[in-house]
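Undergrad: Sequence first, predicted coordinates after that:
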Protein chains: 2
Amino acid sequence: MTGRAGRPAVPQEEPQPPQPAQPQQSRARRRRAALLAAAVDLLTEGGFAAVTHRAVAQRAALPLAATTYYFTSRDQLLAEAFGQLVDSELATTRHWVAAHGLRAILEEVVEADRMRQLALWELYVHAGRDPVLQQIARRWTDGCVAVIADALELPAADPRVRLLYTTVSALWLEHVVEQRPAGDARALLDLALQAVS
Amino acid sequence: MTGRAGRPAVPQEEPQPPQPAQPQQSRARRRRAALLAAAVDLLTEGGFAAVTHRAVAQRAALPLAATTYYFTSRDQLLAEAFGQLVDSELATTRHWVAAHGLRAILEEVVEADRMRQLALWELYVHAGRDPVLQQIARRWTDGCVAVIADALELPAADPRVRLLYTTVSALWLEHVVEQRPAGDARALLDLALQAVS
DNA sequence: CCTAAACTGGTACGGTCGTCCCAATTTTTG
DNA sequence: CAAAAATTGGGACGACCGTACCAGTTTAGG
């Protein structure tokens, strides 16, 4: 890994032109969305180290300064990309479970894009050092728990739901990181399901 | 033709000093260990982004070039630091479980240095992108499973051992990252223990 | 239409980074 | 002891980084 960035102090306090999440002009909205999409792409490809202003701008075919115009800082860009990633992943999982049932929840993990999920977990852990990301991380956990609770027709606070979630998430992360043949994952999930009922 | 002075013979060999893991001279061994310890320190304090050649050298009170002399690259330094972190964490956990029993395994997580564990997980996820680190990540997982298997007096391959491990690791990571009041963690562990027996 | 605000994009700055280089020094070896 | 090898340490290089700057251009609103 080469070339880390300097972050010179910014003693400014004057209200610089505020960066609204939704610009007024339509092309500007499109551009902001394109930058965000590019950031998500880069995130899934190379981890959050790959999400630099220059890389994002180039990926979106926009000038470098567009990134600092639409996002006050790299941290904000990263946070929004994380949020988007979490939301889309939650939606995907919810759909999958609705279509194939809870027992197939791990199949989705196995089949889906590994790099994308790696990025997700990378940001999740990074959230332990950043309060803004931490909030999104909690949203993700809560969302996953909700999906399982719905599938089981149990309240989200039920310990059995939580137990199932811990099993699923741990197996998920382990599979994504260690890339071992997931032979016993299904058996483990069944064991947890049995313990739940 | 650029008139370079002739150095006709044997320039093709590689007389570059290989970096042995254990230098011959005693002070050199001490220095290498000091650098590694400094890397582990920095890792626990600021994540692996904080482990730079310069920071490591300064922490160990050694010149910058010492880092490139004893380690062929930053990646190698990082990998060795990760390995050391994993080994010491495994030893600590094993000790704790032997002294307080398996039901108290989560207590250690709650009480131990959060930053240290954050660094551990950070590297664990990073291992998903680096085969060298991936091997160490597997060693960690296997070590944790072994600790639980020993405590339960069951073979490591038993699905119940694996189920318990997934529960523990997921709760562990969630606590470290999200910092929520771990009210139900104990109840969950009991539920898993009950499912196991 | 006109003016202000929103937006664009090329460039520059200050900085940290990993790694290399090489003259000096220390330690081992013959 | 002398020669060879291992080690030291200071500095330099090139690459990127995040972000600021600002003269131009486009758009919105009256």
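TA: The structure has been received and is ready for your questions. Computed from a predicted structure; not experimentally measured.
Undergrad: Pull the CA coordinates from stretch A:44-57 and hand them back as CSV.
TA: Output of stretch A:44-57 as CSV, limited to C-alpha atoms (Å, rounded to 0.1, in the frame of the first residue of the first chain):
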residue,chain,number,x,y,z
THR,A,44,-16.6,-3.5,-3.4
GLU,A,45,-13.6,-3.9,-5.6
GLY,A,46,-10.8,-2.7,-3.4
GLY,A,47,-12.0,-2.0,0.1
PHE,A,48,-12.4,1.5,1.4
ALA,A,49,-8.8,2.2,0.8
ALA,A,50,-9.6,2.3,-2.8
VAL,A,51,-12.2,5.0,-2.4
THR,A,52,-10.2,8.1,-3.1
HIS,A,53,-11.4,11.3,-4.5
ARG,A,54,-9.5,10.8,-7.7
ALA,A,55,-10.6,7.2,-8.2
VAL,A,56,-14.2,8.1,-7.6
ALA,A,57,-14.1,11.0,-9.9
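Undergrad: Enumerate the positions of that stretch that are buried.
TA: Going by neighbour count (16 or more other CB atoms under 10 Å in any protein chain shown), the buried part of stretch A:44-57 is A:Thr44, A:Glu45, A:Gly46, A:Gly47, A:Phe48, A:Ala50, A:Val51, A:Thr52, A:His53, A:Ala55, A:Val56, A:Ala57. Bear in mind the C-beta positions are built from the backbone N, C-alpha and C, glycine included.
Undergrad: again with stretch A:76-92
TA: Buried residues in stretch A:76-92, defined by neighbour count with 16+ other CB under 10 Å: A:Leu77, A:Leu78, A:Ala79, A:Glu80, A:Ala81, A:Phe82, A:Gly83, A:Gln84, A:Leu85, A:Val86, A:Glu89, A:Leu90.
Undergrad: So in chain A, which helix runs the longest?
TA: helix A:74-100 (DSSP state H).
Undergrad: In strands only, show me the buried residues of stretch A:44-57.
TA: Assigned to strands by DSSP state E, none of those qualify.
Undergrad: can those residues go into a markdown table with extra columns for pLDDT and distance to B:Ala104?
TA: Shown next, in a markdown table, are those (pLDDT from 0 to 100; distance: CB to CB, whole Å):
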| residue | pLDDT | distance to B:Ala104 |
| --- | --- | --- |
| A:Thr44 | 91 | 39 |
| A:Glu45 | 91 | 42 |
| A:Gly46 | 91 | 40 |
| A:Gly47 | 89 | 35 |
| A:Phe48 | 86 | 35 |
| A:Ala50 | 95 | 41 |
| A:Val51 | 96 | 40 |
| A:Thr52 | 97 | 44 |
| A:His53 | 96 | 47 |
| A:Ala55 | 96 | 46 |
| A:Val56 | 97 | 46 |
| A:Ala57 | 96 | 51 |
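Undergrad: So which of the residues you listed is the closest to A:Val110?
TA: Checking the buried residues of stretch A:44-57 against A:Val110 by CB to CB gives A:Thr44 as the nearest, at 16.8 Å.
Undergrad: on that earlier part again, nearest to DNA strand D among the buried residues of stretch A:76-92?
TA: Comparing the buried residues of stretch A:76-92 against DNA strand D with CB to the nearest atom of the strand places A:Leu77 closest, at 7.6 Å.
Undergrad: Can you tell me the closest non-neighbouring residue to that closest one?
TA: Leaving out its chain neighbours, the residue that sits closest to A:Leu77 by CB to CB, 6 or more residues apart in numbering or on different chains is A:Phe71, at 4.2 Å.
Undergrad: how deep is that neighbour tucked in, by neighbour count?
TA: Applying other CB atoms under 10 Å in any protein chain shown, we find 23 residues neighbouring A:Phe71.
Undergrad: That one contacts A:Leu78, correct?
TA: No. Look at A:Phe71 against A:Leu78 with CB atoms under 8 Å: they stay out of range, at 9.0 Å.
Undergrad: picking up where we left off before, packing partners for the helix or strand following the longest helix of chain A?
TA: Later in the chain than helix A:74-100, the nearest helix or strand by DSSP states H and E is helix A:105-111. On a contact count with 3 or more CB pairs under 8 Å, 6 or more residues apart in numbering or on different chains; DSSP states H and E, helix A:105-111 meets helix A:74-100, helix A:159-178, helix A:185-196.
Undergrad: Against chain B, how distant is the spatially closest residue to A:Leu189 that is not a sequence neighbour?
TA: Distances taken as CB to CB, 6+ apart place A:Leu106 nearest to A:Leu189, at 5.9 Å, with adjacent residues excluded. Applying CB to the nearest CB, to the nearest Å, the value for A:Leu106 to chain B is 12 Å.
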